[in-house]
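**Q** Based on what follows, work out the 3D shape:
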Amino acid sequence: MAGMPPERTQRLWRALGFPDVADDDPVFTDADVEALRLLSELIDSGFVDPSTEASIARAMGQSLSRLADWQTDMLADVLTRGDEETGGPRPISPEEAVATASMLLPLLRRVQDYVWRRHLAANAERVLAAAGPGDRRELAVGFADLVGYTSRSRGMGGRELGAMVEDFESTATEVIARHHGRVVKTVGDGVLYTAASAVDAVEIGLELPDAWRAEDRPPLRVGAAYGPVLTRLGDVYSPVVNLASRLTSIARPGSLLVDRVLARQLRGLPAYRVRPLRRVSVRGYDNLQPWLVRRRPSTEEDNSFEGMLDEMADDVLDRSDDEEPHTPG
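**A** This is a model prediction of the structure:
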């Protein structure tokens, strides 16, 4: 009915994350036919390349699957909210479930449409401001990682662990958005973000550990690097991403480490102290030079010792060579 061969529709169906169904199962509706027709129009218009349609479907399916999972849990919580008399979950009839979903889901869809449009506008501004192809740009990439998350999470109950992850993602999202960054993805104990400017990336890296710090929380460490990045289907790919990850892995709790490129962009800015640390060998880098970034105290008076350290850091920046990734023989 959509004018597509069956093998193509099956490939797209699987890419969206859905299991195969038998030919005689009453699964599909007119909406599925219409979706395939719309996809054909997008391909004919040149907006979607036929060779990437499955990749686009996969990225869309993964993103919306997570959103649907969260919304389903939220709806189930509303429907089975505890009975005040018994303290346990109250029974729910199928009719009540359908009526509640029919009222709430259209509201969620309208909110989703609004947020999607706002993100389209924000990303359009970034693409138009960047030079070169839309999928290749100069960006700062940062990782924020919870120290000791694995060992701490073993002793937590599901609700307690879920609350900590929620608090972490909420804090990270707020700080990153405040400084014009973008959350690329979160993975339980960490968040990957990008920023267009070095200062924004560093402000995120310095503020996040402080905003997250509390007695009952594991400390946070951050690593960031700057350079050419390929953006594809919402994710980022580049040696810069690997470098930021390696810097995070060697950072002390509560600290921010950056690469030489970012350190150079902070050079001369009075708000920051940038200091070279001892070179280290990590996976992919035999002679990595980390740079520790801290805020310079606003009340700091003329300090000849700090001035000498600034000059020494400048000397290291001037003579520092690019850290070359290790290539196995």
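**Q** I'd like the domain boundaries of this structure, if you could list them.
**A** 1-78, 130-319 (automatic domain parsing).
**Q** Show the end-to-end separation of the first one, please.
**A** End-to-end span of domain 1-78 (CA to CA, to the nearest Å): 39 Å.
**Q** quick one: buried residues of stretch 286-302?
**A** Within stretch 286-302, the residues that qualify as buried by neighbour count (16 or more other CB atoms under 10 Å) are Leu288, Gln289, Pro290, Trp291, Leu292, Val293. Placement of C-beta: from N, CA and C, glycine included.
**Q** Just the ones in strands from these, please.
**A** Using DSSP state E, the subset of these located in strands is Leu288, Trp291, Leu292, Val293.
**Q** For the domains of the chain, could you give me TSV that also reports distance to Arg118 and mean pLDDT?
**A** Converted to TSV, the domains of the chain look like this (distance: least, CB to CB, whole Å; pLDDT from 0 to 100):
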stretch	distance to Arg118	mean pLDDT
domain 1-78	16	83
domain 130-319	12	85
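**Q** got the end-to-end distance for stretch 144-164?
**A** Stretch 144-164 has an end-to-end distance of 15 Å (CA to CA).
**Q** Can you list the residue ranges for helices in the protein?
**A** For the chain, the helices defined by DSSP state H cover 6-15, 30-45, 53-79, 94-129, 149-154, 158-178, 198-212, 239-250, 260-265, 304-319.
**Q** Okay, angle between the third one and helix 6-15 too, please.
**A** Think helix 53-79. Helix 53-79 runs at 50 degrees relative to helix 6-15, counting by axes from the mean of the first three to the mean of the last three CA atoms, to 10 degrees.
**Q** re earlier: of the ones in strands among the buried residues of stretch 286-302, which is the nearest to Leu206?
**A** Using CB to CB, Val293 is the member of those that sits closest to Leu206, with 6.9 Å.
**Q** Tell me if I'm right that the closest one and Leu269 touch.
**A** No - judged on CB atoms under 8 Å, Val293 makes no contact with Leu269 at a distance of 10.2 Å.
**Q** so what's Leu233 up against?
**A** Contacts of Leu233 were listed using CB atoms under 8 Å, 6 or more residues apart in numbering, and they are Ser55, Ile56, Arg58, Ala59.
**Q** So what does it have for phi and psi?
**A** Main-chain torsions, Leu233, degrees, to the nearest 10: phi 50, psi 40.
**Q** Now do it against Arg296, distance only.
**A** Relative to Arg296, Leu233 is positioned 40 Å away (CB to CB, to the nearest Å).
**Q** And Val175, by the same measure?
**A** Taken as CB to CB, the span from Val175 to Arg296 is 20 Å.
**Q** same question, Glu96
**A** In terms of CB to CB, Glu96 sits 60 Å off from Arg296.
**Q** can I get the helices of the chain in JSON lines with mean neighbour count and distance to Val187?
**A** Shown next, in JSON lines, are the helices of the chain (neighbours: other CB atoms under 10 Å; distance: least, CB to CB, whole Å):
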{"stretch": "helix 6-15", "mean neighbour count": "15", "distance to Val187": "22"}
{"stretch": "helix 30-45", "mean neighbour count": "13", "distance to Val187": "30"}
{"stretch": "helix 53-79", "mean neighbour count": "14", "distance to Val187": "12"}
{"stretch": "helix 94-129", "mean neighbour count": "11", "distance to Val187": "20"}
{"stretch": "helix 149-154", "mean neighbour count": "13", "distance to Val187": "10"}
{"stretch": "helix 158-178", "mean neighbour count": "15", "distance to Val187": "10"}
{"stretch": "helix 198-212", "mean neighbour count": "22", "distance to Val187": "15"}
{"stretch": "helix 239-250", "mean neighbour count": "22", "distance to Val187": "11"}
{"stretch": "helix 260-265", "mean neighbour count": "22", "distance to Val187": "23"}
{"stretch": "helix 304-319", "mean neighbour count": "12", "distance to Val187": "33"}
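**Q** Much appreciated, bye for now.
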